[in-house]
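> The sequence and its predicted three-dimensional model are supplied below.
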Amino acid sequence: MTSTHTIEWFRHASPYINSHRGKTFVLCFSGAALTSSFFSDLINDITLLSHLGVRLVLVHGLRAQLDSTLSAHHIEPVVVDGLRVTNEQTRDILVAEVGKARVFIESRLSMGLPNTPMAGAHLSVTSGNFITARPHGIHHGVDFLYTGQVRQVHATALKELIEQGHLVLLPPLGYSRTGDVFNLLSEEVAMQAAISLQADKLIFISEHAMVDSSDQPIREADPDTVETLLDKMPPEAPARLILSKAATACKSGVNRTHILSLNDRDALLKELFTRDGSGAMINADHYEHSRMANISDIGSICTLIKPLEDDGTLVHRTTEQLELDIEHFRVIEREGLILACAALLPIGDHDNASSTADHSCAEIACLVTHPDYQNTGRARSLLAELESHAQKQGISTLYVLTTRTNHWFLEQGYKPAELNDLPATRLSSVNRQRNSRLLVKVVGKGCWESI
Ligand SMILES: CC(C)(COP(=O)(O)OP(=O)(O)OC[C@H]1O[C@@H](n2cnc3c(N)ncnc32)[C@H](O)[C@@H]1OP(=O)(O)O)[C@@H](O)C(=O)NCCC(=O)NCCS
């Protein structure tokens with residue numbers, strides 16, 4: 001990457017930096033991640049997130065370590081219905097592995113050598129008895145012994161620590177009220193911690209590909225869609241566990257779950273700081289939605305329309321003009337970024353609130369889709385929403401002045417018109433030098449039932 005590209009990338013990351021600051025993320029990585037050659041990159045990225053003001057709870061798995069130590073002791077693992085049966089010996093090995101993993105992770109997070117991304121960093125890592133567990137119990141005659149389930153997450157303590165800037169580390173075990181130690185699924189610990197904290201994001205880093213039953217990658221889905229996909233998946237599908245936890249988290253108040261590949265060393269930063277991300281995202285709210293604009297959108301709208309103002313496609317608007325008109329704009333937003341905008345400007349009362357306002361007509365203006373997101377119907381749907389909105393307001397005639405999208409509007413049912421057909425209040429302010437074409441559409445009652 002050349003330095004210019006790096007700087008451009010950094011500029012584009014700025015809205016994400018702002019939007020992630022002060023947010024709580026629960027980040028869960030598998031035991032395989034601890035031994036992966038990318039683990040030091042993950043540690044660097046965790047440090048960066050912490051320095052950017054993200055509150056982090058880290059949850060680690062130990063499945064790979066447990067399997068390999070059991071095998072070294074010639075102990076055959078017992079797994080029933082996808083869940084390990086944890087006898088006393090296995091539990092003791094788990095406890096030892098948790099200790100080793102904790103020291104390893106803490107040592108990596110304590111590094112601060114010069115000329116490394118960790119230089120000058122100091123992170124306080126805290127671990128403790130934040131998870132109360134209970135036994136999984138006996139199922140179909142099988143006693144799962146020290147395999148447990150999360151009974152309670154001590155969210156108040158966790159919140160206090162992350163607010164003070166501590167990084168909290170949760171292992172895949174919990175303590176019961178009887179003083180026993182239980183083996184837990186790290187995915188469940190992460191999910192329950194995210195729900196209890198009402199985290200902004202739950203992030204899984206996994207060695208398993210998130211694919212549906214036809215082997216197609218899952219990029220973006222809501223929890224209901226995930227549940228439908230799970231119904232079609234075989235019980236042994238590796239993606240099942242994380243997807244089901246992601247869907248439950250999203251249905252319980254965690255807005256977004258991201259599932260990233262352990263094999264992509266840049267996955268975490270790409271997912272959090274670029275528009276399109278890198279992994280699968282399960283979102284509780286509509287990831288992309290359209291809405292009326294508000295004053296806080298002005299900066300993003302300016303960024304979207306500026307290149308088109310500069311090349312003469314759009315008439316230049318001052319920020320003051322945008323502030324006055326902002327309530328008439330509709331935008332398509334994705335993860336806090338504005339991908340498209342359009343305005344429905346009343347004719348007549350837009351420059352001054354005079355009695356010359358003609359409330360039966362309005363102008364469609366400033367219709368723009370970000371170049372990366374064109375040709376997928378966004379402008380068409382924004383226009384249809386504005387037309388429907390116009391009709392509800394009793395507006396019967398819509399005008400549009402355009403220099404380059406004449407045909408596009410013709411395809412949306414607009415008809416060519418003479419400039420003099422414009423209401424006088426608008427005609428007087430038309431810049432005739434632009435030689436724009438005028439198009440018109442009647443959106444009278446009954447025309448928009450199909451919208
Ligand atoms: C015009 C514009 C808003 C369309 O956005 P979009 O989200 O890509 O639009 P849609 O996906 O709904 O429609 C895309 C279709 O319109 C076609 N199209 C795009 N621009 C066109 C144009 N200037 N003239 C004719 N057709 C055009 C595309 O080829 C595509 O056709 P297809 O569906 O047959 O493949 C976008 O190209 C843009 O931002 N242009 C620059 C700004 C501009 O000129 N705005 C109008 C000012 S009022």
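Sure, I can see it.
> Provide the count of other residues in contact range of E323.
With neighbours defined by other CB atoms under 10 Å, the count for E323 comes to 12. (C-beta placed from N, C-alpha, C; glycine too.)
> same thing with R63?
15.
> Test my guess that it contacts S30.
Yes: applying CB atoms under 8 Å as the test, R63 and S30 come out as touching, 6.7 Å apart.
> pLDDT value on D285, please?
pLDDT, D285: 64.
> now swap in R317 and tell me
For R317, the predicted pLDDT is 94.
> Same check on T2?
T2 carries a pLDDT score of 59 in this model.
> Give the residue spans of the stretch 201-350 of the chain that score low on pLDDT.
Applying pLDDT under 70 to the stretch 201-350 of the chain picks out residues 285-287, 335, 348-350.
> Is it correct that Q149 falls within a helix?
No: counting by DSSP: H, G, I helix; E, B strand; the rest coil, Q149 is not part of a helix but strand.
> and the closest residue to V79 other than its chain neighbours, how many neighbours?
With CB to CB, 6 or more residues apart in numbering as the criterion, V79 has its nearest non-adjacent residue at 7.2 Å, and that residue is V85. Close neighbours of V85, defined as other CB under 10 Å, add up to 17.
> swap in N420?
Around N420 there are 8 residues (other CB under 10 Å).
> wait, is it part of a helix?
Yes: when three-state DSSP is applied, N420 is found to be in a helix.
> show me the contacts for Q198.
T24, G253, V254 (CB atoms under 8 Å, 6 or more residues apart in numbering).
> L161: which element?
Using DSSP states H and E, L161 falls within helix 155-163.
> name the helices or strands packed onto that helix?
Contacts defined by 3 or more CB pairs under 8 Å, 6 or more residues apart in numbering; DSSP states H and E place helix 155-163 against strand 55-60, strand 167-170, helix 186-197.
> List the buried residues for it?
Residues of helix 155-163 classed as buried: L158, K159, L161, I162 (neighbour count, 16 or more other CB atoms under 10 Å).
> swap in stretch 32-44?
Under the neighbour-count criterion of 16+ other CB under 10 Å, stretch 32-44 has A32, A33, L34, S36, F38, F39, D41, L42, I43, N44 buried.
> before we move on, what about stretch 281-300?
By neighbour count with 16+ other CB under 10 Å, stretch 281-300 contains the buried residues M281, I282, N283, A284, Y287, E288, S290, A293, D297, I298, S300.
> what bits of the stretch 51-200 of the chain have low per-residue confidence?
Along the stretch 51-200 of the chain, segments meeting pLDDT under 70 span 113-118, 121.
> What residue in it comes nearest to the ligand?
Minimum separation of the stretch 51-200 of the chain from the ligand (CB to the nearest ligand atom) falls at D200, amounting to 29.3 Å.
> That residue: what's it in contact with?
By CB under 8 Å, 6+ apart, the contact list for D200 reads K23, T24, F25, V254, N255, R256.
> Give me the phi and psi angles of it.
phi -80, psi -30 (degrees, to the nearest 10).
> what's the following helix or strand after the host helix or strand of K306?
Assigned by DSSP H and E, K306 belongs to helix 298-310. Next along the chain after helix 298-310, taking DSSP H and E as the criterion, comes helix 319-325.
> Which residue, neighbours along the chain excluded, lies closest to E76?
Spatial nearest neighbour of E76, chain neighbours left out: L70 (7.6 Å); criterion: CB to CB, 6+ apart.
> ok so, going back, spatially, which two of the buried residues of stretch 281-300 are the most separated?
I282 and I298 (31.5 Å; CB to CB).
> what comes up buried for whatever helix or strand N18 lives in?
Here N18, judged by DSSP H and E, is contained in helix 3-20. By neighbour count on 16+ other CB under 10 Å, the buried set for helix 3-20 is A13, P15, Y16, H20.
> How about stretch 77-89?
V78, L83, R84, V85, T86.
> For the fourth one, which residues are in contact?
Same thing as V85. V78, V79, V142, D143, F144, L145, T147.
> For it, grab phi and psi.
Backbone torsions of V85, given as degrees, to the nearest 10, read phi -90, psi 120.
> Residue in the stretch 101-250 of the chain with the shortest distance to the ligand?
The minimum distance from the stretch 101-250 of the chain to the ligand, using CB to the nearest ligand atom, falls at E220 (18.6 Å).
> Return the distance of the helix holding K306 from the chain's centre.
In terms of CA atoms, centre = their mean, to the nearest Å, the centre of helix 298-310 is found 24 Å from the chain centre.
> Who are the packing partners of it?
Packing partners of helix 298-310 (3+ CB pairs under 8 Å, 6+ apart): helix 319-325, strand 329-334, strand 337-347, strand 358-369.
> Relative to E323, how far out is S244?
Distance of S244 to E323, computed by CB to CB, to the nearest Å: 47 Å.
> What of E163?
36 Å.
> Skipping adjacent residues, who's closest to H122 in space?
Sequence neighbours aside, G112 is the residue nearest to H122 in space, at 6.8 Å (criterion: CB to CB, 6+ apart).
> picking that back up, which residues are in contact with both of R63 and S30?
S186.
> Can you convert the contacts of Q198 into a markdown table and add a column each for neighbour count and secondary structure?
Output for those, formatted as a markdown table (neighbours: other CB atoms under 10 Å; DSSP: H, G, I helix; E, B strand; the rest coil):
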| residue | neighbour count | secondary structure |
| --- | --- | --- |
| T24 | 21 | strand |
| G253 | 13 | coil |
| V254 | 25 | coil |
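> got the contact list for the nearest residue to R102 once chain neighbours are set aside?
Spatial nearest neighbour of R102, chain neighbours left out: S127 (5.8 Å); criterion: CB to CB, 6+ apart. Counting by CB under 8 Å, 6+ apart, S127 touches R102, V168, L169, L170, P171.
> repeat for N283
For N283, the contact set (CB under 8 Å, 6+ apart) comprises E220, A221, D222, C250, N255, R256, T257.
> ok, and the most crowded of those residues?
When neighbours are counted by other CB under 10 Å, T257 leads these with 31 neighbours.
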